[in-house]
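Undergrad: This is a predicted model, with the sequence first.
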Amino acid sequence: MKLYPFADGHCDFLAFIQSRQFDIADPVPGQHIALPYLRQGNVKLQFFAMWPNMRLPQSAKEQCLSMAADYQAMLKKHPVFRPLDANFDPLGEEIATVLTIEGGEAIGEDLESLHQFYDLGVRALTVTWNYPNALAHPGTESDAGGLTAFGREAVREMNALGIAIDVSHLNDAGIEDLLRLSNQPIFASHSNARALRRHTRCLSDDHIREIAQMGGVIGVNFCGEHLTDQPSACLEDVIAHLEHIMEVGGIRAACIGSDFDGIGACPEGLPNPSALQKIARVLEQSGYSQEEIYRVTYGNLHDYILQFC
């Protein structure tokens, strides 16, 4: 049985190192991302998002700086993890990492903060989370308009620096603006197909197609509410969204963006990364070639983000 490498475009592990004592090597109950699970699932590339909790007294930037320090400490303590670069070999023992920010609140209205976070290793930024910020509006504010004037400045700065722009959580008008303005491919780290689940966190077919045409990718997330209107989600729902994205955007458009540690209940059959090979097995049974499965499980996301690393 072939063991496929996996790449995961989003998790919220870093947000809970301090508040819930998450440990990458020794998981606590309820923790999804952990070294033993990553090894079992053959995850070879893991994005680590810094999500600032706007209910906390510390500023978003202060929280992200603290999480960046936790991330660097993790890399130092566990050298099996290493930032992705062109020399990374997915057949080896190491696991490549990408540091990201989830929410433009972290930069406020200060372009210099982008430079500071870039120097700390950030290679992707999710423009919004669930609240409006100085850059744009979330999907829950569908009538609020697109990017702000500062948001457009930030896009130009991220393009110049080499920070990938993530449209997950962003409203449609903001995505439209990014498709016109960005001179680099944009992506959706953890978003699903609106044709299968009508939800503000899911992408329209037009946006899936346009993101794919400019060289971006869409990572299917495992949040049940974004997969189905049923009380709970399952592995087959994840497969359905992957296949829809492949059908609309092409085989090179689809990837995984689990949102592990950022979701409550996981889909039945996918409790943590240890079970990710099940996705490959179902795709095999559906008649996809080994190369096509490799593209979805690892190659598409790896090739996309490498240009920013």
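TA: Now that the structure is in, tell me what you want to look at.
Undergrad: Going by C-alpha atoms from here, please, whenever you check contacts or count neighbours.
TA: Noted.
Undergrad: Can you report phi and psi for the closest residue to residue 170 other than its chain neighbours?
TA: Counting by Cα to Cα, 6 or more residues apart in numbering, the nearest residue to residue 170 once its immediate chain neighbours are dropped is residue 138, at 4.4 Å. Per-residue torsions, residue 138: phi -80, psi 170 (degrees, to the nearest 10).
Undergrad: Hmm, residue 171 and residue 138 touching each other?
TA: Yes. With contact defined as Cα atoms under 8 Å, residue 138 counts as touching residue 171 (4.9 Å).
Undergrad: quick revisit: residue 112 versus the residue nearest to residue 170, what's the distance?
TA: Remark: distance between residue 138 and residue 112 (Cα to Cα, to the nearest Å) = 23 Å.
Undergrad: and what of residue 276?
TA: In this structure, residue 276 lies at 38 Å from residue 112, with Cα to Cα as the measure.
Undergrad: what residue ranges in the stretch 201-309 of the chain score low on pLDDT?
TA: Along the stretch 201-309 of the chain, the model assigns pLDDT under 70 to no residue.
Undergrad: can you give me the strands in it?
TA: 202-203, 218-220, 254-256 (DSSP state E, counting those that start in this stretch).
Undergrad: Output these in TSV, with mean neighbour count and distance to residue 63 appended to each entry.
TA: As requested, these are arranged in TSV below (neighbours: other Cα atoms under 10 Å; distance: least, Cα to Cα, whole Å):
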stretch	mean neighbour count	distance to residue 63
strand 202-203	28	27
strand 218-220	31	25
strand 254-256	31	26
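Undergrad: export these to CSV and tack on distance to residue 30?
TA: Output for the strands of the stretch 201-309 of the chain, formatted as CSV (distance: least, Cα to Cα, whole Å):
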stretch, distance to residue 30
strand 202-203, 26
strand 218-220, 21
strand 254-256, 21
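Undergrad: how about those strands, which one is nearest residue 44?
TA: strand 254-256 (12.4 Å; Cα to Cα).
Undergrad: For that closest one, name the packing helices and strands.
TA: Using 3 or more Cα pairs under 8 Å, 6 or more residues apart in numbering; DSSP states H and E as the contact criterion, the elements in contact with strand 254-256 are strand 6-8, strand 218-220, helix 235-249, helix 300-306.
Undergrad: Quick check: residue 41 touching residue 274?
TA: Yes. Taking contacts as Cα under 8 Å, residue 41 lies within contact range of residue 274: 4.0 Å.
Undergrad: Residue 276: what's it in contact with?
TA: 6, 41, 270 (Cα atoms under 8 Å, 6 or more residues apart in numbering).
Undergrad: same check, this time on residue 52
TA: For residue 52, the residues meeting the contact criterion (Cα under 8 Å, 6+ apart) are 15, 60-61, 63-64, 102-103, 105-106.
Undergrad: Could you verify that it is part of a helix?
TA: No. Membership of residue 52 in a helix is not supported by DSSP: H, G, I helix; E, B strand; the rest coil, which gives coil.
Undergrad: got a list of what residue 279 touches?
TA: Shown here is residue 279, whose contacts under the criterion Cα under 8 Å, 6+ apart are 235, 239.
Undergrad: And it, how close does it get to residue 203?
TA: Plainly put, residue 279 is 21 Å away from residue 203 if you go by Cα to Cα.
Undergrad: Same question for residue 190.
TA: To residue 203, residue 190 is 10 Å away according to Cα to Cα.
Undergrad: Could you give me the buried positions within stretch 170-189?
TA: Across stretch 170-189, burial judged by 16 or more other Cα atoms under 10 Å covers 170-175, 177-179, 182, 184-189.
Undergrad: Could you do stretch 110-120 as well?
TA: By 16+ other Cα under 10 Å, the buried positions in stretch 110-120 come out as 114-115, 117-118.
Undergrad: Nearest to residue 266 among those?
TA: Comparing the buried residues of stretch 110-120 against residue 266 with Cα to Cα picks out residue 117 as the nearest, at 30.8 Å.
Undergrad: And the helix or strand encompassing the closest one, how far out from the chain middle?
TA: Here residue 117 sits within helix 111-119, counting by DSSP states H and E. Per Cα atoms, centre = their mean, to the nearest Å, the displacement of helix 111-119 from the mean C-alpha position of its chain is 20 Å.
Undergrad: Same question for stretch 150-162.
TA: Here stretch 150-162 shows a centroid-to-chain-centroid distance of 19 Å under the convention Cα atoms, centre = their mean.
Undergrad: do the same with stretch 5-18
TA: 9 Å.
Undergrad: how about that stretch: buried residues?
TA: 5-16.
Undergrad: Between those, which sits nearest residue 216?
TA: Taking the buried residues of stretch 5-18 together and measuring to residue 216 by Cα to Cα, the closest member is residue 9, at 12.5 Å.
Undergrad: Sweet, I'm off.
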